[in-house]
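Asker: sequence first, then the predicted structure:
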Amino acid sequence: MLVENIGSTPIGLGNKYLVPGATAFVPDGDISLIQEIANINGLRILSPMKRNKIWAACNFGMVLPDPLRINVGCGYVLKTDWVGLDIDGSIVGHLKTKGGFAIQCDIVRGLPFDNKTVDFIFSEHFIEHLGKNEQKFYLSDAFRALKNGGVIRTGSPCIERGIERYVNREWRNDLKKDAGIHLEYEAEGLNMMFHSWGHKFVPDYEYLSGVLKKIGFTEIMRCNYGKSEHGSLSNLEHRPSTPLIVEATKP
């Protein structure tokens, strides 16, 4: 939810300090903070219709594009008419200087959009940086934010492909060619997929499709690199080492 200080004095809210007229985003799942808000005079919860526009305009100086397409964990990749989300403020600042839409936020605290307001959600080499429970929360929150008929597209490393590269003795050559990393043993490459670069939990199709189905997504399918039945989701990947790409629709 988005709340606004409509009083005449500053208000303390969690770890934020709201001056009169200021707004703050509170994840819907933060029950303790929501209870705190209910007991504070001078705070107004903004309506869902106003929330996205005011949240973006007041905090980020921008009007969100329509359709609303979100690139989660965007890094330095600027996609035209997409809103990039990243936890790194320097990345967000850089994208803004390039004329892009970008918001700094921590995804594990919830997407900064109201229910049924987002058309498409895309991520590439992001979800493996979340733990298993964090992944389930993120995908559930994506389901909440998507409109009916909205689509999420997720690209990541894949356990199956990682093991295949190990069996075929490909890790050392691939990492030397792609990243300039010199390894002595194939096992080092396989373990890097699981434990390096901030990776926490690497999925495969069975796991990812199963989680999406339990959340309520339908039309779950494995996609080829850069290919989609949806024009907005075509030709988005920029890393050839993205072996697992899955799309799912909110019915």
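Answerer: That came through fine. Residues are numbered from 1 along each chain as shown.
Asker: immediately after the lowest-mean-pLDDT helix or strand in the chain, which helix or strand?
Answerer: Comparing helices and strands within the chain by mean pLDDT, DSSP states H and E singles out helix 48-60 as the least confident, with a mean of 44. Using DSSP states H and E, the next helix or strand after helix 48-60 towards the C-terminus is strand 69-72.
Asker: now do that following strand, average pLDDT.
Answerer: Model confidence over strand 69-72 averages 96 on the pLDDT scale.
Asker: CA-only coordinates of that strand in CSV, if you can.
Answerer: These are the backbone C-alpha positions of strand 69-72, laid out as CSV (Å, rounded to 0.1, in the frame of the first residue of the first chain):
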residue,chain,number,x,y,z
ARG,A,69,5.9,-3.8,-18.2
ILE,A,70,8.4,-4.5,-15.4
ASN,A,71,12.1,-5.7,-15.8
VAL,A,72,13.0,-7.1,-12.4
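Asker: give the contact list for residue 148.
Answerer: If a contact means CB atoms under 8 Å, 6 or more residues apart in numbering, then residue 148 has 116, 250, 251 as its contacts. C-betas here are computed from N, CA, C, even on glycine.
Asker: in a helix, it, correct?
Answerer: No. Under DSSP: H, G, I helix; E, B strand; the rest coil, residue 148 falls outside any helix and is assigned strand.
Asker: that one and residue 112, how far apart?
Answerer: Between residue 148 and residue 112 the distance is 20 Å, computed by CB to CB, to the nearest Å.
Asker: residue 100 now?
Answerer: When distances are taken as CB to CB, residue 100 and residue 112 turn out to be 16 Å apart.
Asker: more neighbours: which of those two?
Answerer: When residue 100 and residue 112 are compared on other CB atoms under 10 Å, the one with more neighbours turns out to be residue 112, at 23 against 20.
Asker: does that one touch residue 102 like I think?
Answerer: No. Proximity of residue 112 to residue 102 does not meet the contact threshold set by CB atoms under 8 Å, at 11.9 Å.
Asker: between those two, which contacts overlap?
Answerer: When CB under 8 Å, 6+ apart defines a contact, the residues bordering residue 112 and residue 102 alike are residue 85.
Asker: and the pLDDT for the residue nearest to residue 77 when sequence neighbours are not counted?
Answerer: Distance criterion CB to CB, 6 or more residues apart in numbering; nearest residue to residue 77, sequence neighbours excluded, is residue 238 at 6.0 Å. In this prediction, residue 238 carries a pLDDT score of 90.
Asker: same question for residue 15.
Answerer: pLDDT, residue 15: 60.
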